[in-house]
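In: Pasted the sequence and its predicted model underneath.
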Amino acid sequence: TRAPLNSATFRQLLWKGINRTNVVSAFLSGHGSAAQFPISPVSSLYPADLEERFSHDDFTSGLAATGYTADRTLTLLVNSENDFKVSVANYLAETFTANGVPVTVQALSWEEYAAALAAGEFDLYYGEVKLTADWDLSSLLGTGGALNYGGWADERTDQLLTSFAASTDRAAAASTLCSYLKAQAPILPVCFKSTSVLMQNNVLEGLTPTMAEPFYNLSSCTIHLRED
């Protein structure tokens, strides 16, 4: 609600100014998929045709065209207890600052971070959201949503969220929703994180890890123990 973030044009420029591929490769060691929209890129609903190639020049020229002047430094909150998140937040802040939008990182303990979000004491925050398998975004972007810390309240967004949930043509509904989110940029999606289970060759057979449980259904696995 505060300038300059109350401008959809400015928010969209920030959306364009994130090198998501670099974030995943440099700071998450490849454990993730760059995403410009809040739907996993491995989902058939992900609107790949709406993606834009990252361009440093497009960001700087677009910013210049708006006549933006840096009247104040924006604050980007992050949870200090996760080194990966702090690294990404610092990278984003440095990138925006180098391109004319001063941003400083405020790394807080989890309790302080959660309290600051609940109180709305931030300009931007870097966080992680776990979505349900139907990609329901209502808690994140719906008016009054439990995770809608930015207070985004937009009638058109609410309508599109409802249509997406009820549509029989979910791909079309997802595309319409994401196209609108791209224009308004109430959030700046970065990536969908992935996790890995590493093991020695020929030790474990049949492991089927899930995001929530890396050793899911372990009782059905075959474990080969070497005798000394």
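Out: That came in fine, so what should we check first? Numbering: from 1, shown residues only.

In: CA atoms for contacts and neighbours, from now on please.
Out: OK.

In: Check which helix or strand Leu160 maps to.
Out: Element membership for Leu160, per DSSP states H and E: helix 155-166.

In: any idea how far that helix is from the chain center?
Out: Taking Cα atoms, centre = their mean, to the nearest Å, one finds the center of helix 155-166 at 20 Å from the center of the full chain.

In: With only the CA atoms kept, save that helix in PDB.
Out: What follows is helix 155-166, C-alpha atoms only, in PDB (Å, rounded to 0.1, in the frame of the first residue of the first chain):
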ATOM      1  CA  GLU A 155     -12.000  -8.200  -6.600                       C
ATOM      2  CA  ARG A 156     -10.800  -9.400  -9.900                       C
ATOM      3  CA  THR A 157      -8.200 -11.600  -8.300                       C
ATOM      4  CA  ASP A 158     -10.900 -13.200  -6.100                       C
ATOM      5  CA  GLN A 159     -13.100 -13.800  -9.100                       C
ATOM      6  CA  LEU A 160     -10.200 -15.500 -11.000                       C
ATOM      7  CA  LEU A 161      -9.300 -17.600  -8.000                       C
ATOM      8  CA  THR A 162     -12.900 -18.800  -7.700                       C
ATOM      9  CA  SER A 163     -13.100 -19.500 -11.500                       C
ATOM     10  CA  PHE A 164      -9.800 -21.500 -11.300                       C
ATOM     11  CA  ALA A 165     -11.100 -23.600  -8.500                       C
ATOM     12  CA  ALA A 166     -14.400 -24.400 -10.200                       C
END
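
In: for that helix, which positions count as buried?
Out: If you call a residue buried by 16 or more other Cα atoms under 10 Å, then helix 155-166 has these buried ones: Thr157, Asp158, Leu160, Leu161, Thr162, Ser163, Phe164, Ala165.

In: Now the helix or strand hosting Ala114: average pLDDT?
Out: Per DSSP H and E: Ala114 is located in helix 110-119. Averaged over helix 110-119, pLDDT sits at 97.

In: and if you look at stretch 160-180?
Out: Averaging pLDDT along stretch 160-180 yields 97.

In: Please look at Ser175 and Ala48 and confirm they touch.
Out: No. Ser175 lies out of contact with Ala48 (Cα atoms under 8 Å); the separation is 9.1 Å.

In: More neighbours: the two, which one.
Out: Using other Cα atoms under 10 Å, the more surrounded residue of Ser175 and Ala48 is Ser175, with 19 against 13.
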